[in-house]
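Enquirer: Predicted coordinates and the sequence they were generated for:
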Amino acid sequence: MKTKQRRQDILRVLEKNKRLRILDTAQEMGVSTMTVRRDLQRLAEQGIVTLVHGGAVYNEGTVAMPTVAAREKKMRQEKNTMAAYCASLIKEGNAVYLDAGSTAKAIAELLVERSNIAVLTHSLSVMNILAAARQLQLISVPGIYKPENRGFFGDMTQRFIREFQLDIVFFGACAVNGEGMMSPDFTDLAVKQALVEHAHKRVLVVDHTKIGSVSLVKVCDLHQLDMIVTDGLADPEFIQRAKRMGLEVVQTGC
């Protein structure tokens, strides 16, 4: 069995059973216990599991947040479709902000050939993509680098953001529900709250798996957003609630 397929199978078991034992898994897959340990170590580095004696448990709950690298692999087609719609919202002369995250990276890839727009971001992944752009203005937002988020965070980041008035901010989030947009990370929370305060249009971009979830802290109330871009499988009850609050909701791929 190839490494990629084996790790996907291990992840499916963890998502279903929430934990596994290394010895049992090795016997079921016909591989050595050392091979399974390496696979679990890789998943732990991505923030997906926590290693325990003799096995691993699946990370879930209000503080669980896989790394950007891990999130990029999930819902890829849906994210690309949502990113295409978001890119269509950006007009010449706009100052836009791309949050850190896998969806922001997908949006950035569609902006490389665009011109006469300013893009601000604290995401290193977005900066690397747009470094090749010649006709737009890329403004890198400073801070302390967090490898798991591939972005810069902290007081310096917040102060810098507050110097700008932004036409559109594209937010990513690990959780959103009827109460609002949420985050498992206090440093991410502070950056997002600064962006909420300094944006003319606030767009939350999330796939359906994030809707109805709960995370550690609330970034803002749902009514403080202006638009939600999601996919066709989003919970209809949540969509109707958001619309009643005055938000514009766009479901791509329908």
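Expert: Happy to help now that I have it.
Enquirer: roughly how far is stretch 78-87 from the heart of the chain?
Expert: 13 Å (C-alpha atoms, centre = their mean, to the nearest Å).
Enquirer: tally of neighbours for Arg159?
Expert: 12 (other C-beta atoms under 10 Å). All C-beta spots, glycine's among them, are computed from the backbone N, C-alpha and C.
Enquirer: Show me the contact partners of whichever strand or helix holds it.
Expert: Secondary structure assignment for Arg159, by DSSP states H and E: helix 155-161. With contact meaning C-beta atoms under 8 Å, 6 or more residues apart in numbering, helix 155-161 is reached by Tyr97, Leu120, His122, Val141, Pro142, Gly143, Ile144, Ala190, Val191, Ala194, Leu195, His198.
Enquirer: Generate a PyMOL selection restricted to the buried subset of those.
Expert: A single PyMOL command is used to select the members of the contacts of helix 155-161 judged buried by 16 or more other C-beta atoms under 10 Å:
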select buried, resi 97+120+122+141+143+190+191+194+195+198
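Enquirer: Is it correct that Ala95 is in contact with Gln165?
Expert: Yes - between Ala95 and Gln165 there is a contact at 7.4 Å, judged by C-beta atoms under 8 Å.
Enquirer: can you pull the buried residues of the helix holding Arg159?
Expert: Thr157, Gln158, Phe160, Ile161.
Enquirer: who does the very next helix or strand once past that helix touch, helix- and strand-wise?
Expert: Using DSSP H and E, the helix or strand that follows helix 155-161 in sequence is strand 166-171. When contacts are defined as 3 or more C-beta pairs under 8 Å, 6 or more residues apart in numbering; DSSP states H and E, strand 166-171 packs onto strand 95-98, helix 102-109, helix 186-197, strand 199-205.
Enquirer: Quick one: closest of those to Thr3.
Expert: Among the helices and strands packed on strand 166-171, helix 102-109 comes nearest to Thr3, with 21.9 Å by C-beta to C-beta.
Enquirer: By mean pLDDT, which helix or strand of this protein comes out lowest?
Expert: Least confident element among the helices and strands of the chain, by mean pLDDT, DSSP states H and E: helix 68-72 (a mean of 46).
Enquirer: Helix, strand, or coil at the residue lying closest to Thr252 once chain neighbours are set aside?
Expert: Leaving aside its chain neighbours, Thr252 sits nearest to Thr81 (4.5 Å; criterion: C-beta to C-beta, 6 or more residues apart in numbering). The three-state assignment at Thr81 reads helix, by DSSP: H, G, I helix; E, B strand; the rest coil.
Enquirer: Against Tyr97, how distant is Thr81?
Expert: As judged by C-beta to C-beta, to the nearest Å, Thr81 and Tyr97 stand 21 Å apart.
Enquirer: So, low pLDDT: which residues of this protein?
Expert: Flagging of the chain using pLDDT under 70 yields the residue ranges 1, 46, 60-75, 254.
Enquirer: among the contacts of helix 155-161, which two are most distant?
Expert: That would be Ile144 and His198, which, of the contacts of helix 155-161, are the farthest apart (C-beta to C-beta) at 20.4 Å.
Enquirer: and Leu166, how many residues sit next to it?
Expert: Leu166: 18 neighbours (other C-beta under 10 Å).
Enquirer: cool, and the one 4 residues further on?
Expert: The local packing of Phe170 (other C-beta under 10 Å) involves 29 other residues.
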